[in-house]
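# Quick one: sequence and predicted model below, then my questions.
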Amino acid sequence: MGLMKSWVRSANAAAAPFPLNNLPYGVFSAAGAPPRCGVAIGDRILDLAACERAGLVRAGGALTGDSWNAFMAQGMAEWTALRARLTALLAEDSAERGAVEPFLVAQSGAVMHLPIRVAEYTDFYSGRHHATNVGTMFRGAENALPPNWLHIPIAYNGRASSVVVSGTDIRRPWGQIKGRDDAQPRFAPSARFDIELEMGAIVGMPSTGPITVAEADAHLFGYVLLNDWSARDIQGWEYQPLGPFQAKATATSISPWIVTAAALAPFRCDPPAREVALLDHLKDDGPMLFDIDLSVTLAPKGQPASTITRTNYNEMYYSAAQQLAHHTTSGCPMRTGDLLGSGTISGPERGNRGSLLELCWGGKEPLTLDTGETRRFIEDGDTLTLTGAARGSGYTIGFGECTGTVLPAHPDPYARKTR
Ligand code: CA
């Protein structure tokens, strides 16, 4: 399948991120109106709340709210029906162009909001190159992968409250940091603040007990870019034995457009060969990873951006479907709007690593930017931007951007309180 043409002409270029093949869902506001659901087409947004009120689409009123949760909870049949209806309305030969056109809004004049009400947020650790790199740095090459790693997708429960939309500034956190010896930590701004390049999978259909990998795949509504901002010095002191806590609680940025599983169907790919067989309940059940090119740029304040890494979502060891299936094995209920971070996505070479921790090998090998500046970790004023795109024959399924600028830490937040 090649490019599907739309009467919105900006959607028809081979490199345009939002062609008719994509139709990603977001929540936007424009011209002083409250946030509502929209779909991106070319450089426009189709106001779906207005379309539903005008009777052009039917979703039981689910598109007039300020999140996609009500629609996601309706399930696959409704997801398929809306996508088919929007495809017909926006296709080059649509007879309803005249009725639809008044509801288009320029993306350049819109403010994007979180597309979902994040119910809960879980972050996995399912990139093998990342886990191997980090394990080698902290435990040595022989013990890089923990013994459970090839059997379960390891994760921690994150904070839904930390999730922010792309474009939100990120304040450098304070935290407790290991001192010269373990006995004397100090409280200070993080000096090793970092990114993690990830994809986020969004649970559309809720579940109340264990589900299979195939069922889990059908419960997933779509995918976003995700940056798990990480304070490495806080993490290094706090993480044993229960895992990351405040190091990951400052913020988690996601891109504003949900690219649906349906739009990504042509880009499904097989998981890697299994070095050890997975237990039956996690066994691969078809191509559930996706071929999505990913990259990160770093722009020092007032300066041009340098690309610091390029990788691909197909580097994952576990698919989001396997992560979701594993998440339910205990009977853990899953909700509409649950967000699953993939884990940092690194490739095999230095130029494919998804965090500064790995790119600079714990600070030992500084990165030189195009501007000549060097970086070990993020400096104040730096803007970090994730981008992603699946590339078809003559068309692109773009994710847009997931960006954030790091602001200097506030003055000591406890100075006045404790004197
Ligand atoms: Ca992470």
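That came through fine. Numbers count the residues shown, from 1 in each chain.
# My guess is Leu369 contacts Ser306. True?
Yes - between Leu369 and Ser306 there is a contact at 4.1 Å, judged by Cβ atoms under 8 Å. All C-beta atoms are positioned from the backbone trio N, CA, C, and that covers glycine.
# tell me, what's touching these two both at once?
Common neighbours of Leu369 and Ser306 (criterion: Cβ atoms under 8 Å, 6 or more residues apart in numbering): Leu298.
# For the stretch 151-300 of the chain, which segments count as strands?
Using DSSP state E, counting those that start in this stretch, the strands of the stretch 151-300 of the chain run over residues 155-157, 163-165, 170-171, 174-177, 186-189, 193-194, 197-203, 220-228, 230-231, 252-254, 259-260, 268-269, 289-290, 293-299.
# Note down every partner strand of the second one and its orientation.
In its sheet, strand 163-165 lies beside strand 252-254 (parallel), with partners assigned from DSSP bridges.
# Show residues contacting the partner strand.
For strand 252-254, contacts defined as Cβ under 8 Å, 6+ apart pick out 114-115, 121, 123, 158-159, 162-166, 168, 170, 200, 224-229, 339, 341, 402-404.
# Export the strands of the stretch 151-300 of the chain as JSON lines, with columns for distance to Gly354.
Output for these, formatted as JSON lines (distance: least, Cβ to Cβ, whole Å):
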{"stretch": "strand 155-157", "distance to Gly354": "17"}
{"stretch": "strand 163-165", "distance to Gly354": "19"}
{"stretch": "strand 170-171", "distance to Gly354": "17"}
{"stretch": "strand 174-177", "distance to Gly354": "22"}
{"stretch": "strand 186-189", "distance to Gly354": "24"}
{"stretch": "strand 193-194", "distance to Gly354": "10"}
{"stretch": "strand 197-203", "distance to Gly354": "4"}
{"stretch": "strand 220-228", "distance to Gly354": "10"}
{"stretch": "strand 230-231", "distance to Gly354": "11"}
{"stretch": "strand 252-254", "distance to Gly354": "14"}
{"stretch": "strand 259-260", "distance to Gly354": "19"}
{"stretch": "strand 268-269", "distance to Gly354": "18"}
{"stretch": "strand 289-290", "distance to Gly354": "16"}
{"stretch": "strand 293-299", "distance to Gly354": "7"}
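# Spit out the contact partners of the closest residue to Gly363 other than its chain neighbours.
With sequence-adjacent residues excluded and distances taken as Cβ to Cβ, 6 or more residues apart in numbering, Gly363 is closest to Arg376, at 4.3 Å. Arg376 makes contacts with 192, 356, 360, 363, 366-367, as judged by Cβ under 8 Å, 6+ apart.
# Most neighbours among those residues, which one?
Leu356 (28 neighbours; other Cβ atoms under 10 Å).
# How about the contacts made by that one?
Contacts of Leu356 (Cβ under 8 Å, 6+ apart): 194-195, 308, 367, 375-378.
# how about the helices in the stretch 301-419 of the chain?
Here the stretch 301-419 of the chain has its helices, by DSSP state H, counting those that start in this stretch, at 320-328, 356-359, 415-418.
# about what we covered before: can the strands of the stretch 151-300 of the chain go into TSV with extra columns for mean pLDDT and distance to the ion?
Below are these laid out as TSV (pLDDT from 0 to 100; distance: least, Cβ to the ion, whole Å):
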stretch	mean pLDDT	distance to the ion
strand 155-157	97	9
strand 163-165	98	13
strand 170-171	98	15
strand 174-177	97	17
strand 186-189	96	21
strand 193-194	98	10
strand 197-203	98	6
strand 220-228	98	4
strand 230-231	98	7
strand 252-254	99	9
strand 259-260	98	20
strand 268-269	98	22
strand 289-290	98	18
strand 293-299	98	14
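# quick one, phi/psi of Ile345?
For Ile345, the backbone dihedrals (degrees, to the nearest 10) come out as phi -100, psi 100.
# Is it in contact with Tyr313, as I believe?
Yes - Ile345 is within contact range of Tyr313, at 6.2 Å (criterion: Cβ under 8 Å).
# shared neighbours, the two?
Residues touching both Ile345 and Tyr313 by Cβ under 8 Å, 6+ apart: 199, 294.
# tally of neighbours for the closest residue to Leu386 other than its chain neighbours?
Nearest non-adjacent residue to Leu386, counting by Cβ to Cβ, 6+ apart: Cys402, 4.2 Å away. Using other Cβ under 10 Å, Cys402 has 28 other residues around it.
# Likewise for Tyr156?
Neighbour number of Tyr156 under other Cβ under 10 Å is 16.
# How many neighbouring residues does the residue nearest to it when sequence neighbours are not counted have?
Closest residue to Tyr156 apart from its sequence neighbours, by Cβ to Cβ, 6+ apart: Gly243 at 4.3 Å. Gly243 sits with 16 neighbouring residues when counted by other Cβ under 10 Å.
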